[in-house]
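Undergrad: Quick one, fold the following:
(2 chains)
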Amino acid sequence: MRIDSGLENLRADVLIVGAGPSGAVVAHTLASRGLSVVCLEQGDWINPDDLPGSKPEFELLTRTQWHWEPNVRRRREDYPLEVSGSNAPVSMFGAVGGSSVVYGAHWQRLMPSDFRVRSLDGVADDWPISYDDLAPYYDRVDAFIGVAGLGGDPAYPPQDFPLPPHPMGAAGLHMGAAMNKLGWHFWPGTHAIPSTAFKNMGQCLRWGVCERGCPAGAKASFDLAYWPHATAAGARLVTGARVSRILVGADGLVDGALWIDTEGTEHRARANAVVVAANGIGTPRLLLMSDDKHTEGLANSSGLVGKNLMIHPNRGVIGVYEEELDAWNGPAGQLLYSLEFYETDESRGFVRGSKWNLMPFPGVLSVLDLYRGRPFDERWGAMAHKLSRSAGKVMIWYANIDDLPEEANTVTLDPDLRDSSGLAAPRIDYTLSANSLRNLDFVTEKMIEAHSAAGAIETFLDPLVPSGHLLGTARMGADPATSVVDSFGRAHDVPNLFVVDGSVMVTGGGMNPTATITAFALRAAESLADAASDLPNRN
Amino acid sequence: MVDTDDVDRLRQLAGILFPGDDRSPAADSVADIDGLIRLAVTAIGSEGEVLRLALDLLPAELDWASVKDFAESHTNEFELLAVVAAGAYFMAPAALAAIGYPQGPRKAARIDQIVDELETGVLDLVMQRESMVRKVPV
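TA: Numbering: from 1, shown residues only, chains lettered A, B, ... in the order given. I've put the predicted structure just below:
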């Protein structure tokens, strides 16, 4: 393939690495402010027709080529993860839109308490910003992408949404009644999924396969919700472009990046500033690969690049019911969420808590899988037909655990494993803390209790599912000795280098993080635009 | 990836695992089961080498007892073949119709469905709660 000559020497005011949610928001914001923007993305556009969810062989495709874990999926743009040192699985997706292509679009803000964990609970650290600092940016992203939800939740500060909420459905109503019996909080799910047609997105058709990519173009994955607007504003997006190194000039400031195309040819891009938006694993990996002068990596005088990885260990409890629950109906998405156990209660034996989401359980093979532990005679033959009739009668509670930052949970460069471009693969070392394990045990017991109150005839434990919530590995803070970037994502060590993805989060809270990541990215991008005239001229 | 003999054996296996009952058809009798088996094999394409190994290990004579022995002695290989068989079967419209599973295009919810749901009062108790928001130091 001949490389477009326009790609040989890319130049821009701002170079963005990664076209996921945060990169998309930064690209749109900066381009709308008149800056020249180039974004390099190692993946490609996903054609909605290629997504598996509406195909008859859907469940088979999700076991291999559409698997959540890149080590199983092994698409060209995936890089391998060395995970032998991790006792909780992680996932990501490389494409325009990033992992939002396969996220559930649960659109949850953090709580005010999440920004003040040290002050309230004496653990981890406070953020350098508060809920109130981020609230206007939450509102603006909500409005831009068309978040659907119901205001008035007593668990949240006041908020409202541009689109009406999705129905709870038969499963949500059934479980809601049970939660009332227990006196536990629940609320109809908030989604970055349009409940009515919105801009270029269609109304949700309830395929129930949001986490495998929406086949109806009815989910605010950022390839749909932001990138068309960013390119219309003038941002340039280059796909199939894997960044191998951020370049540093003699003045110690960054001046661009080296990137490798799909044919293996290396190119150089120059920019006055570089914004890294490559997720909580890809970002520290790139920073660690980028320093010519020091072994510890770029922007890493604190030694914290790649440390404090948080992943929201995600536990599920599945309930099988006698009642028809229309378990194939989305969005999935979350029919309900519960914040009953979100805040610290010291009597439970651990600090912090979890956010729960009730999800449908589409597919027949997934139902049959529940019975894998049974003897042959109790799984197959006439019994297989009987078990398959539970399809539609299953729902699952998942809980995002608020795992706290631990310096021993790290992303480093593996000395042996390489990606298809010959670059060092990231090594993930993650150990569930005693606090997280107690939290997991607690929520497991409580989720079983919820299913029991709802009349489940059987419950099954879903072991930890791969988490795409990759947080904390380039944390923000006011002190350069204890953080990598400031409260606007600017690297303390390199003032024209920015990080805007989940890496910057000081603590993870228990909420699905994309709302917070994008609100932060919007805030950071506007700050960068305001200061653009102060950037060095590399062009 | 699979030849006609392989498809024959996968069809036999599917027929043993899903023999049919008073509501559901037998897997080896649903329309175009051979085509569905080929589609299932293609869908798990990246596991092709493992599938070949599993097929080679499958007993020559397939019946309930021999498949059960195989499942207990070669668990991983059996599970892969069972997924192909089950995946093919549950692509058959007749098999899905028998268990009431929806097929074809989906429909959007009525925009006022949530209103009807809220009018059941299911959320009333929650809405009566005082604020659960934890106060934070300024």
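Undergrad: What is the neighbour count of residue 127?
TA: Let's take chain A. 24 (other CB atoms under 10 Å in any protein chain shown). Every residue, glycine included, has its C-beta placed from N, CA and C.
Undergrad: sorry, should have said chain B
TA: 12.
Undergrad: do A:Glu59 as well
TA: 27.
Undergrad: And for A:Asn47?
TA: Residue crowding around A:Asn47 was assessed by other CB under 10 Å; the count is 7.
Undergrad: any chance you could map the strands in the stretch 51-200 of chain A?
TA: Listed in chain order, the strands of the stretch 51-200 of chain A (DSSP state E, counting those that start in this stretch) span A:82-86, A:187-188.
Undergrad: Low-confidence ranges, the chain, go.
TA: Since no chain was named, I'll use chain A. Along chain A, the parts satisfying pLDDT under 70 run over A:1-5, A:292-295.
Undergrad: not quite, I wanted chain B
TA: B:46-47.
Undergrad: Repeat the analysis, applying 90 as the threshold.
TA: B:1, B:45-50, B:111, B:137-138 (pLDDT under 90).
Undergrad: which SS class is A:Val26?
TA: Put simply, A:Val26 is helix when judged by DSSP: H, G, I helix; E, B strand; the rest coil.
Undergrad: Next: A:Asp429.
TA: A:Asp429 is classified as strand under three-state DSSP.
Undergrad: picking that back up, which one of the strands of the stretch 51-200 of chain A lies nearest to A:Gly508?
TA: Nearest to A:Gly508 among the strands of the stretch 51-200 of chain A is strand A:82-86 (16.0 Å), distances taken as CB to CB.
Undergrad: Summarise which helices and strands the closest one is packed against.
TA: strand A:424-430 (3 or more CB pairs under 8 Å, 6 or more residues apart in numbering or on different chains; DSSP states H and E).
Undergrad: what pairs with the strand it packs on, and is each one parallel or antiparallel?
TA: Strand pairing for strand A:424-430, determined by DSSP bridges: strand A:82-86 (parallel), strand A:410-418 (antiparallel).
Undergrad: is A:Met476 in a bridge, and if so with what?
TA: Under DSSP bridges, the beta-bridge partners of A:Met476 are A:Val485.
Undergrad: ok, it touching A:Ser487?
TA: Yes - checked against CB atoms under 8 Å, the pair A:Met476 and A:Ser487 is within contact range at 5.6 Å.
Undergrad: The residue most central in space within chain B: what secondary structure?
TA: The residue lying closest to the centre of chain B (CA atoms, centre = their mean) is B:Gly87, at 5.0 Å. Of the three states, B:Gly87 takes helix under three-state DSSP.
Undergrad: A:Ala532 versus that one, what's the distance?
TA: 53 Å (CB to CB, to the nearest Å).
Undergrad: Name whatever forms a beta bridge with A:Trp187.
TA: Here A:Trp187, judged by DSSP bridges, has bridge partners A:Tyr337.
Undergrad: show me what contacts it?
TA: Neighbouring residues of A:Trp187 by CB atoms under 8 Å, 6 or more residues apart in numbering or on different chains: A:150, A:153, A:155, A:336-339, B:123, B:126.
Undergrad: Reformat these as a markdown table; add neighbour count and distance to A:Gly363.
TA: Output for those, formatted as a markdown table (neighbours: other CB atoms under 10 Å in any protein chain shown; distance: CB to CB, whole Å):
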| residue | neighbour count | distance to A:Gly363 |
| --- | --- | --- |
| A:Leu150 | 19 | 28 |
| A:Asp153 | 24 | 30 |
| A:Ala155 | 21 | 31 |
| A:Leu336 | 25 | 20 |
| A:Tyr337 | 25 | 22 |
| A:Ser338 | 26 | 24 |
| A:Leu339 | 24 | 28 |
| B:Leu123 | 21 | 29 |
| B:Val126 | 22 | 31 |
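Undergrad: from those, which is closest to A:Val500?
TA: A:Tyr337 (26.0 Å).
Undergrad: So the closest one sits against A:Met359, correct?
TA: No - with contacts counted by CB under 8 Å, A:Tyr337 stays clear of A:Met359, the gap being 10.0 Å.
Undergrad: returning to that earlier point: can you say which of the strands of the stretch 51-200 of chain A is packed in most?
TA: Of all these, strand A:187-188 has the most neighbours on average by mean count of other CB atoms under 10 Å in any protein chain shown, namely a mean of 25.
Undergrad: could you point out which element follows it?
TA: Downstream of strand A:187-188, the next assigned helix or strand under DSSP states H and E is helix A:222-225.
Undergrad: May I have that next one exported as CSV, CA atoms only?
TA: C-alpha atoms of helix A:222-225 as CSV (Å, rounded to 0.1, in the frame of the first residue of the first chain):
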residue,chain,number,x,y,z
PHE,A,222,-17.6,7.9,20.3
ASP,A,223,-17.1,6.9,16.7
LEU,A,224,-20.7,8.0,16.3
ALA,A,225,-21.3,10.5,19.0
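Undergrad: Next, count neighbours for the closest residue to A:Pro495 other than its chain neighbours.
TA: Closest residue to A:Pro495 apart from its sequence neighbours, by CB to CB, 6 or more residues apart in numbering or on different chains: A:Leu253 at 6.9 Å. A:Leu253: 17 surrounding residues under other CB under 10 Å.
Undergrad: follow-up on the earlier one: more neighbours, A:Met476 and A:Ser487?
TA: Neighbours per residue, other CB under 10 Å: of A:Met476 and A:Ser487, the larger number sits with A:Met476, 24 against 19.
Undergrad: That one and chain B: what is the separation?
TA: Here the criterion is CB to the nearest CB, to the nearest Å. By it, A:Met476 lies 18 Å from chain B.
Undergrad: list residues touching both of A:Met476 and A:Ser487?
TA: Joint contacts of A:Met476 and A:Ser487 (CB under 8 Å, 6+ apart) are A:127-129.
Undergrad: circling back: tell me, what's touching A:Tyr337 and A:Met359 both at once?
TA: Joint contacts of A:Tyr337 and A:Met359 (CB under 8 Å, 6+ apart) do not exist.
Undergrad: Quick one: residues contacting B:Val2.
TA: Here B:Val2 is in contact with B:10, B:37-38, B:41, B:51, B:55 (CB under 8 Å, 6+ apart).
Undergrad: Report how many residues lie close to the closest residue to B:Tyr101 other than its chain neighbours.
TA: Distance criterion CB to CB, 6+ apart; nearest residue to B:Tyr101, sequence neighbours excluded, is A:Ala391 at 5.6 Å. Around A:Ala391 there are 22 other residues, counting by other CB under 10 Å.
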